[in-house]
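Novice: have a look at this prediction, sequence included:
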Amino acid sequence: MKTRLSRYVGMLATAAILAGCGAAGIGQGAGGGDTRAEQNRLILTIVTGEGVAEEASAFAAAVAEVSDGSIEVKVDNTSVPGHGVPTYETDVIKYVADGKAQLGFVAARAFDTVGVRSFVGLHAPFLIDSYELEEQVLTSDWGQALLDGTRSAGVVGIGYFQGPLRRPLGYTRALTDLAAYQGARIGIRASDLTEMTMEALGAAPISFPPGDASGLDGMEVHMGILFDAKYDLGADSLTGNVVYWPRPGVFFANAEAFDGLTSDHQAILREAGQRAFTASVASVSANSAHLFDELCSRGLKVTTAPPGAVSDLRAAVQSVYDEIEKDAATKTTIDAIEELRASANAPLDAVECDAAAATPSPAPAVIDSPIVGTYATSFTKDELAASPHLFDAGEINDGNWGELTITFELNGRVTFTQVNAIESSSTSGMYSVSDDHIVMTFDEGDNLGETFSGRWSLFRDTLTFERVEMEVLPTPFIVRAWTRVP
C-alpha cells in the first residue's frame, strides 16, 4: 500500500478548519447551476512541485469560500517536475513568472535562488526557533510587507502558509555540536542561504533528489518529510534542541496576471491567503507533534546538544549574518525578529521522545476478537479514483488497487497484501483491538513505521472499516467491504 501519512495528518487538520468551504469547493460548479454564474466565474490555476498539494489545495478551498464560488482555483502539481528534482521550487517560481500559470506555491526559502532577498531574514540560522515566534513574525505588518519583494522575480506575493521547523538529522554521526559538522555532507533543499550556513558550519551542502539520502552524513529536515520519506530509518539521531529555521510557504501570482485582475478579485485572493495561513497555524504544529510521536514509536533516537553547543553553532554562522546584513532591508528584518523574540520570550520548541512512546507496547499474546481471520476485497484503479474517500490524487497509484487481502492473527500480527497486473506489495505488523476501534502498526514491508487506525464492523462474514476524525486510515481499506476467506 503506497501512502503519504504525513500529508494525511496535515490535510485532516486543515480540512477541519476549512470545513466551511463546503459547496464552493474546487470543480463543484459553485455557481449553483446558474449558467450565467458559470460563464462569469474566474478560473485560475495554481502550480506546485509538492507531491501532494496540501497547501495549494487549502488555498483553493479558501478562495472558493471567500469568493462564494465566483473564483475557481484549479490545483496542478504535475506540470512542473516535482519531488524528484532538487530545484523544483525554483522551477515553480520561473514557471509562474513566465506566465504558464497564474498562481504558484513554494517554500519562501527558494526565492533567493531567483534573486529575491526579502525573505532571507526569515531564514537567518538559529533565529526563529518556535512556532509561536514564527506566527508572530509572519502576521506582523513588516512580515506581511516582505511579500511585496517578490515583484523583482515577475510575481506578486499573496500570502503565507505557516511552515514546520527544520532540525538536524544525523546519519553517520549525531549533529549535536560544531565538531560534528566538520567535513560532513549535509543534505539541503536548494537555497543560497542554506548553502552559506552549512559551509559556515564546516559542512558540505548537498542539494539532493528528494527521497534519496544515500551518501549523506546528515540533513536539515522537518517532521513531515522525515516521516513521509522515512529518512529516520537507519539514521543516527535527531537533535531535539536545535532548530535551523522555519519553512514558511508563499502563495504568489504572476505579476501581469495579478495586475490585470479587478481590485475585488485581488482582495479575494489576499483574504484567501490569510484564511489559509490561519488554518496552517493550527494544523502545522499539531501535525508535527503527532508525527514526532509516531517517529518515536518506530524507534527514532533524539539527542540533545550539550550546554554551550547552540551558542557555538550561532557563533560559527556569524559570517552568514555579516554577509546577509549587508542588505539593509534584511538587517531591518533580522533586527525586528530579534526585538520580537526578546519581547515575546517564546521558548525554543525542543522535542524529546517520551520514554513510553519510544517503546511500542507489545501486542497481547492472544487477540480475543471476532475480527481474527483473513478477508479479501478487490477494485479497479478507476473505482479507486472514483472513491469519495480519497485523501488526494497521490493515492491513485498502482500499489493501491487490485486483489487485496488482510489477515488478523490470534498472536496480534496483521498482514496486508495487494496484487494486480502491474504491481504487488505487502506489509505486516502488530494490531490491537478495543471494542470497535483498531490500531495497526506496521514493522515490515511497504508501510514500515506507519500506523493506521479507525473503526471496524463485522456483520456475519463482511468486514468494513470507517475513519475516525484526526486518525489515519488509507482509502484502500474503505473503498469496498471485505469478505471473510474460508
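Specialist: Happy to help now that I have it.
Novice: in contact with residue 408: list those residues for me.
Specialist: Each residue near residue 408 by CB atoms under 8 Å, 6 or more residues apart in numbering is listed here: 367, 369, 371-374, 414, 431. (Glycine included, C-beta is placed from N, CA and C.)
Novice: hmm, 6 Å instead?
Specialist: With contact set as CB atoms under 6 Å, 6 or more residues apart in numbering, residue 408 has these partners: 371-372, 414.
Novice: now residue 81: closest residue in space that isn't a chain neighbour?
Specialist: Of all residues beyond its chain neighbours, the one nearest residue 81 is residue 88 (6.2 Å), with distances taken as CB to CB, 6 or more residues apart in numbering.
Novice: correct me, but that neighbour touches residue 49?
Specialist: Yes - counting by CB atoms under 6 Å, residue 88 sits close enough to residue 49 to count as a contact (3.5 Å).
Novice: quick one: which of the two has more around it?
Specialist: Set side by side, residue 88 and residue 49 show unequal neighbour counts under other CB atoms under 10 Å, the larger going to residue 49 at 28 against 22.
Novice: so where's the protein shaky on pLDDT?
Specialist: Counting by pLDDT under 70, the ranges of the chain that qualify are 2-39, 82-84, 355-365.
Novice: what residues go with each domain of it?
Specialist: By the record's domain assignment, the chain is partitioned as 5-164+246-286, 373-484 (automatic domain parsing).
Novice: wait, which of those is closest to residue 347?
Specialist: Between residue 347 and the domains of the chain, the shortest separation by CB to CB is 6.4 Å, and it involves domain 5-164+246-286.
Novice: distance between the closest one and the chain's centre?
Specialist: Centroid separation for domain 5-164+246-286 versus its chain: 14 Å, with CA atoms, centre = their mean, to the nearest Å.
Novice: again with stretch 452-468
Specialist: Per CA atoms, centre = their mean, the centroid offset for stretch 452-468 relative to its chain is 28 Å.
Novice: ok, stretch 284-299 next?
Specialist: Shown here is stretch 284-299, whose average C-alpha point lies 12 Å from the average C-alpha point of the whole chain (CA atoms, centre = their mean).
Novice: please point out which parts of that stretch sit buried.
Specialist: Of the residues in stretch 284-299, those scored as buried under the neighbour-count criterion (16 or more other CB atoms under 10 Å) are 284-288, 290-298.
Novice: equivalent analysis for stretch 136-143, please.
Specialist: Buried residues in stretch 136-143, counted by 16+ other CB under 10 Å: 136-138, 143.
Novice: for stretch 192-203, same thing?
Specialist: Taking 16+ other CB under 10 Å as the criterion, stretch 192-203 shows 192-201, 203 as buried.
Novice: can I get those residues in a markdown table including secondary structure and distance to residue 228?
Specialist: What follows is the buried residues of stretch 192-203, written out as a markdown table (DSSP: H, G, I helix; E, B strand; the rest coil; distance: CB to CB, whole Å):
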| residue | secondary structure | distance to residue 228 |
| --- | --- | --- |
| 192 | helix | 26 |
| 193 | helix | 24 |
| 194 | helix | 20 |
| 195 | helix | 24 |
| 196 | helix | 27 |
| 197 | helix | 24 |
| 198 | helix | 23 |
| 199 | helix | 28 |
| 200 | helix | 29 |
| 201 | coil | 26 |
| 203 | coil | 24 |
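Novice: please flag which of the buried residues of stretch 284-299 sit within helices.
Specialist: Here DSSP state H is the test, and these give 284-288, 290-297 as lying in helices.
Novice: residue 372 and residue 478, how far apart?
Specialist: Here the distance between residue 372 and residue 478 works out to 20 Å (CB to CB, to the nearest Å).
Novice: actually residue 154, not the one I wrote
Specialist: For residue 154, the distance to residue 478 under the criterion CB to CB works out to 44 Å.
Novice: helix or strand: which one has the residue nearest to residue 350 when sequence neighbours are not counted?
Specialist: On the basis of CB to CB, 6+ apart, the spatially nearest residue to residue 350 that is not a chain neighbour turns out to be residue 241, at 4.2 Å. Assignment of secondary structure by DSSP states H and E places residue 241 within no helix or strand.
Novice: now do residue 417
Specialist: For residue 417, the host element (DSSP H and E) is strand 413-419.
Novice: tell me the strands beside that strand, with direction?
Specialist: Here strand 413-419 has these sheet partners by DSSP bridges: strand 402-408 (antiparallel), strand 424-434 (antiparallel).
Novice: who touches it?
Specialist: Under the criterion CB under 6 Å, 6+ apart, residues 402-408, 425-429, 431, 440 lie in contact with strand 413-419.
Novice: go with 7 Å
Specialist: 1, 399, 402-408, 424-431, 440 (CB atoms under 7 Å, 6 or more residues apart in numbering).
Novice: same deal with stretch 247-261?
Specialist: Applying CB under 7 Å, 6+ apart, the set of residues contacting stretch 247-261 from outside is 55, 59, 96-97, 99, 102-109, 122, 134, 138, 150-151, 154-164, 166, 222, 266, 269, 273.
Novice: then stretch 428-448?
Specialist: Residues external to stretch 428-448 that are found in contact with it (CB under 7 Å, 6+ apart): 1-3, 360, 363, 367, 369, 371, 399, 408, 412-415, 425-427, 450-457.
Novice: can you give me the buried ones in stretch 374-382?
Specialist: Along stretch 374-382, the positions that meet the burial threshold by neighbour count (16+ other CB under 10 Å) are 375, 377-379.
Novice: ignore what I typed, I meant stretch 343-354.
Specialist: Buried positions in stretch 343-354, judged by neighbour count with 16+ other CB under 10 Å: 346, 349-351, 353.
Novice: cheers, nothing more for now.
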